[in-house]
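A.B. asks: sequence first, predicted model second:
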Amino acid sequence: MTNIRPFKAIRPVRSKAHLVASRAVSTYKHTILEAKLESNPFSFIHIIHPEFFENDDTRTSPNTVERFLKVKDKYEEFTEKGILIQDEEEAFYVYKQSTPHHSYLGVIGGASVQEYKDNKIKKHEATLASREEMFTNYLDVVGFNAEPVLLSHKKSEVLDEILARVTIKRPEYEFATTDEMTHEVWITTPEEVKEIQAAYAGIDYCYIADGHHRSASSVRLHDLIAARGNYDNTKNYNSFLSFFIDEERLNIMPFNRLCKSLNGHSKEDILTLVDNHFEVKELERPIEPEQLHDIHMFVDRSWYRLRLKAEKHSKLDAVSSIDAEILTRYILSPILGIHDLTTDENISFQSGEDGILAIEHSVNSGVNEVGFLLYPVTMEQLKAVADENAIMPPKSTYIEPKMRSGLTIYKIDE
């Protein structure tokens with residue numbers, strides 16, 4: 001069973017929700033970020049980036065206690081001004097994000113630290129101890145979490161029926177953002193809380209789709225608090241802020257690859273070498289790969305379909321069946337000399353949402369010599385890797401929805 005914890009969210013007043021909610025700071029260009037902060041005094045970015053306009057040491061030392069204290073001070077300023085309020089009753093928060101092409105619906109609540117430790121919340125990505133430690137210190141100082149981990153789970157018709165009833169009602173928040181998204185949030189009643197918890201009791205496992213460092217850091221904070229000797233098993237730190245979503249509602253896109261050089265090879269050399277492992281066909285027009293183990297290569301203004309030869313399929317385990325790993329194993333490493341995707345300067349990554357034109361533009365402009373389009377990882381593949389306690393290849397998936405910060409803030413020591 002999956003334990004999901006209701007909580008008393010700290011959240012924007014209804015009239016300012018659209019002004020407070022923000023994307024992750026890293027997704028904004030510096031000029032846009034500066035414009036947003038100058039024009040919108042209610043943006044949550046003011047809280048998580050409080051030193052933006054200041055000329056002091058915290059701008060060059062972003063992961064210090066001094067900077068984290070400024071974040072906390074700014075958060076408290078928002079609550080004192082009444083921009084943020086806290087609900088009086090514990091609830092779940094049903095969140096819907098709609099784009100021109102997709103709609104995402106799920107439940108914001110607390111995910112169990114113990115279930116994470118018991119591997120009932122499964123992982124597919126390695127984490128860096130330094131990042132875990134930094135974010136643990138951040139959470140410990142500021143005392144809240146504002147960006148949910150994305151957890152997927154099997155489809156539940158019982159849960160779907162509950163969500164259908166909840167979303168018939170008027171949402172607490174309903175607003176659109178300039179990236180053509182509509183955001184809606186419903187606050188559940190005590191009876192709906194019980195129903196949702198009962199529905200999740202029938203779900204055995206969850207899978208982290210996005211947020212491995214955030215979840216690992218929350219678990220580390222739980223253990224840190226327990227080690228201090230003032231542990232309380234009723235506190236919010238026994239769970240971590242998460243958005244629970246049916247795996248069928250996720251949108252999984254690839255990270256495509258771009259390489260600056262052909263490692264001294266000509267296009268003809270490359271085509272000859274890849275023929276050892278792939279069936280090669282020149283394409284009349286650029287299209288996305290149509291099936292697993294199809295890789296589309298753009299080089300010298302021509303597109304080629306590279307289809308992994310059938311005899312190679314039987315040798316694939318959960319990780320080696322991922323097309324990103326197939327590309328590395330048979331092309332990037334032996335032919336292009338790229339052995340470490342995390343450090344090699346010859347390779348860069350482009351999210352699948354950027355599409356074919358971005359690959360063509362980069363190669364035709366001379367910035368890169370070759371680009372590779374990948375077929376998206378399937379949910380079955382991702383789960384197979386997690387079930388084997390294995391690790392996905394670097395930059396294998398770009399998963400939506402991407403959550404907004406500041407809509408439902410989770411107070412940790414409560």
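C.D. replies: Thanks, I have the structure now. Numbering: from 1, shown residues only.

A.B. asks: each with direction, which strands does the host helix or strand of residue 207 pair with?
C.D. replies: Using DSSP states H and E, the element containing residue 207 is strand 206-210. Here strand 206-210 is paired, per DSSP bridges, with strand 121-122 (parallel), strand 149-153 (antiparallel).

A.B. asks: C-terminal to the shortest one, which secondary structure element comes first?
C.D. replies: Translated: strand 121-122. helix 129-142.

A.B. asks: let's test this: mean pLDDT of that next one, rounded?
C.D. replies: Mean pLDDT, helix 129-142: 93.

A.B. asks: sorry, back to before: give me the mean pLDDT for the strand holding residue 207.
C.D. replies: Across strand 206-210, the average pLDDT comes to 95.

A.B. asks: show residues contacting that strand.
C.D. replies: Under the criterion Cβ atoms under 8 Å, 6 or more residues apart in numbering, residues 2, 111, 115, 120-125, 149-153, 215, 244-245, 247, 250, 382-383, 386, 399, 402 lie in contact with strand 206-210. For the C-beta atoms, the positions are set from N, CA and C on the backbone; glycine is no exception.

A.B. asks: again, but for stretch 221-238
C.D. replies: If you take Cβ under 8 Å, 6+ apart as the criterion, stretch 221-238 is touched by 5, 7, 110, 112-114, 136, 139-140, 218, 410-414.

A.B. asks: run the last query once more with 6 Å
C.D. replies: 113, 136, 139-140, 412, 414 (Cβ atoms under 6 Å, 6 or more residues apart in numbering).

A.B. asks: next secondary structure after the helix or strand residue 36 falls within?
C.D. replies: For residue 36, the element it lies in under DSSP H and E is helix 30-39. Downstream of helix 30-39, the first helix or strand assigned by DSSP H and E is helix 45-48.

A.B. asks: packing partners for that next one?
C.D. replies: Under the contact definition 3 or more Cβ pairs under 6 Å, 6 or more residues apart in numbering; DSSP states H and E, helix 45-48 sits against helix 65-80.

A.B. asks: list the buried ones in the helix or strand just after the helix it packs on?
C.D. replies: Downstream of helix 65-80, the next assigned helix or strand under DSSP H and E is strand 84-86. Buried residues in strand 84-86, counting neighbours by 16 or more other Cβ atoms under 10 Å, are found at residue 84.

A.B. asks: in its sheet, what does strand 84-86 sit against?
C.D. replies: The strands beside strand 84-86 in its sheet (DSSP bridges) come out as strand 10-12 (antiparallel).

A.B. asks: check what contacts the strand it pairs with and list those residues.
C.D. replies: 20, 84, 86, 408-409.

A.B. asks: could those residues go into a markdown table alongside pLDDT and distance to residue 306?
C.D. replies: Converted to a markdown table, the contacts of strand 10-12 look like this (pLDDT from 0 to 100; distance: Cβ to Cβ, whole Å):
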| residue | pLDDT | distance to residue 306 |
| --- | --- | --- |
| 20 | 94 | 47 |
| 84 | 97 | 52 |
| 86 | 96 | 55 |
| 408 | 96 | 44 |
| 409 | 96 | 47 |
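
A.B. asks: of all pairs in those residues, which one is the farthest apart?
C.D. replies: Taking Cβ to Cβ as the measure, the contacts of strand 10-12 reach their widest spread between 20 and 86, a distance of 14.1 Å.

A.B. asks: distance check, residue 75 against residue 109.
C.D. replies: As defined by Cβ to Cβ, to the nearest Å, residue 75 lies at a distance of 21 Å from residue 109.

A.B. asks: residue ranges in the stretch 301-414 of the chain under the pLDDT threshold?
C.D. replies: 312-315 (pLDDT under 70).

A.B. asks: rerun at 80
C.D. replies: Where the stretch 301-414 of the chain drops to pLDDT under 80, the residues are 311-316.

A.B. asks: mind listing the strands for it?
C.D. replies: 302-308, 347-351, 370-374, 398-400, 410-411 (DSSP state E, counting those that start in this stretch).

A.B. asks: most tightly packed of those?
C.D. replies: strand 370-374 (a mean of 24; mean count of other Cβ atoms under 10 Å).

A.B. asks: given that strand, what are its sheet partners and their directions?
C.D. replies: Applying DSSP bridges, one finds strand 370-374 paired with strand 255-259 (antiparallel), strand 294-299 (antiparallel).

A.B. asks: how about these in a markdown table, adding mean neighbour count, mean pLDDT and distance to residue 192?
C.D. replies: Compiled in a markdown table, the strands paired with strand 370-374 are given as follows (neighbours: other Cβ atoms under 10 Å; pLDDT from 0 to 100; distance: least, Cβ to Cβ, whole Å):
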| stretch | mean neighbour count | mean pLDDT | distance to residue 192 |
| --- | --- | --- | --- |
| strand 255-259 | 24 | 95 | 38 |
| strand 294-299 | 22 | 96 | 44 |
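
A.B. asks: so which of these comes closest to residue 335?
C.D. replies: Nearest to residue 335 among these is strand 255-259 (10.0 Å), distances taken as Cβ to Cβ.

A.B. asks: please enumerate residues in contact with that closest one?
C.D. replies: By Cβ under 6 Å, 6+ apart, strand 255-259 touches 336, 346-351, 362, 368, 370-374, 395, 398.
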